[in-house]
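In: the following block contains a protein sequence and its predicted model.
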Amino acid sequence: CSLFSPTPSLCSLVAHRFGMRSDLITYNISGMGCSASVISVALAKDILAVRPNSLALVISTENLTQNLYCGSERGFLLQNTLFRCGGAAMLLSNRWRDAIRAQFKLLHTVRTQLMSDQSYETVWQTEDASGQRGVRLSKDIVKVAGRNLEKNFTLLAPYVLPLTEQFYVVVSMAWRYLHKLLRLKGMRPKLYQPDFKQGINHFCIHAGGRAVIDGIEKNLNLSPQHTEPSRRVLYEYGNTSSSSIWYEMDYIRRRCPLQRGHRVLQVAFGSGFKCNSMVWLCLNASQPQPGDL
């Protein structure tokens with residue numbers, strides 16, 4: 001949870017409420033914004049790598065009730081209209097016997113962060129002129145998110161793109177370098193923009209707002225079918241912060257032609273400013289049963 005961080009922590013609350021074992025190891029992650037869920041899964045992956053035959057429960061939620069903005073400044077009011085309370089839970093395992101019933105396998109996680117003042121102040125919890133506390137969203141948030149997305153996908157590309165797409169990128173970079181080295185006349189050659197649809201079958205784009213989804217759809221040259229899960233989740237649930245990508249994953253499981261071997265990309269943005277992504281491999285494409293979340 002990003003804004004709601006009580007004492008005892010939410011982790012302690014869950015462990016106590018459900019009577020979990022005393023040797024349980026808990027980590028409470030707050031203040032990471034809408035990308036906290038990817039950070040939590042990456043942390044769980046690192047823990048499971050050194051603790052064989054273990055389970056990791058990741059709970060992603062956002063509670064805005066205690067942080068509702070009661071002022072009148074427009075930069076803060078967007079928080080009240082866009083964000084919603086929500087939550088999701090994921091169970092990760094490194095036990096061999098769980099491979100038979102596992103629905104997805106985690107392939108890759110990539111985390112990037114921009115360090116400029118403009119990026120740092122894009123999402124800012126502060127007080128307005130009258131002393132009312134809230135979250136101010138900068139007008140530059142889409143621009144900053146685009147730069148960080150490019151940085152993140154540059155690191156992710158070698159893991160998910162086929163060799164043909166990587167070859168085109170290398171050739172365009174080499175031609176651009178030669179054009180500069182030889183001081184050739186004419187327009188500087190553009191870098192080849194790889195087609196991530198060649199390596200990814202489904203996209204879970206953080207439902208941070210229509211402008212964010214539109215920007216990623218345009219930059220990645222995605223079809224309306226690829227962004228349908230994000231748009232439907234934004235329409236039906238609003239921006240549920242870090243849990244939104246799991247609402248989208250559930251939408252793909254229920255309403256999209258998900259097949260065994262398909263790869264699903266989840267992308268989320270967070271304050272700081274962070275862009276985090278992870279790729280899942282579908283192992284079991286069976287249709288969820290009624291009541292199965």
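Out: Perfect, thanks for sending it.
In: helices and strands around the helix or strand of the chain with the lowest mean pLDDT, which ones?
Out: Of all helical and strand segments in the chain, the minimum by mean pLDDT, DSSP states H and E falls on helix 74-82, at a mean of 78. Applying 3 or more Cβ pairs under 8 Å, 6 or more residues apart in numbering; DSSP states H and E, we find helix 74-82 packed against strand 133-137. Just so you know, the C-beta spots here come from the backbone N, C-alpha and C atoms, and that holds for glycine as well.
In: just the pLDDT at the closest residue to Gln103 other than its chain neighbours, thanks.
Out: Counting by Cβ to Cβ, 6 or more residues apart in numbering, Gln103 lies nearest to Asn284, which is 4.8 Å off, once chain neighbours are set aside. What the model reports as pLDDT for Asn284 is 86.
In: got the contact list for the least confident helix or strand of the chain?
Out: With Cβ atoms under 8 Å, 6 or more residues apart in numbering as the test, helix 74-82 has contacts from 64, 67-69, 71, 128, 132, 134-138, 209, 238-239.
In: buried residues in that helix?
Out: Gly75, Phe76, Leu78, Gln79 (16 or more other Cβ atoms under 10 Å).
In: out of these, the closest to Ile47 would be?
Out: Gln79 (32.5 Å; Cβ to Cβ).
In: check the gap between that closest one and Ala89 for me.
Out: 25 Å (Cβ to Cβ, to the nearest Å).
In: swap in Leu64?
Out: Leu64 is 19 Å from Ala89, by Cβ to Cβ.
In: next one: Tyr235
Out: Distance from Tyr235 to Ala89, by Cβ to Cβ: 23 Å.
In: got a list of what the closest residue to Gly261 other than its chain neighbours touches?
Out: Once flanking residues are discounted, Gly261 sits nearest to Cys282: 6.5 Å by Cβ to Cβ, 6+ apart. By Cβ under 8 Å, 6+ apart, the contact set of Cys282 is Gln103, Phe104, Leu258, Gln259, Arg260, Gly261, His262, Arg263, Val264.
In: what packs against the helix or strand encompassing the last one?
Out: Spelled out, it's Val264. Using DSSP states H and E, Val264 sits within strand 263-270. Here strand 263-270 touches helix 36-50, helix 141-160, strand 202-205, helix 244-255, strand 274-282, going by 3+ Cβ pairs under 8 Å, 6+ apart.
In: so Asn284, which of the three states?
Out: coil (DSSP: H, G, I helix; E, B strand; the rest coil).
In: ok, now which ones touch it?
Out: The contact partners of Asn284, by Cβ under 8 Å, 6+ apart, come to Arg101, Ala102, Gln103, Arg260.
In: from Arg260, how far off is the third one?
Out: Translated: Gln103. 10 Å.
In: more crowded one of these two?
Out: The neighbour count for Gln103 versus Arg260, taken as other Cβ atoms under 10 Å, is higher for Gln103 (14 against 10).
In: for His226, see how far away the more buried one is.
Out: 21 Å.
In: in stretch 204-218, what's buried?
Out: Buried residues in stretch 204-218 (16+ other Cβ under 10 Å): Cys204, Ile205, His206, Ala207, Gly208, Gly209, Val212, Ile213, Gly215, Ile216, Glu217.
In: same question for stretch 142-156.
Out: In stretch 142-156, counting by 16+ other Cβ under 10 Å, buried: Val142, Val144, Ala145, Gly146, Arg147, Asn148, Leu149, Asn152, Phe153, Leu156.
In: which one of those residues is nearest to Ser40?
Out: Asn152 (17.3 Å).
In: go ahead and confirm that closest one touches Val110.
Out: Yes - Asn152 is within contact range of Val110, at 5.6 Å (criterion: Cβ atoms under 8 Å).
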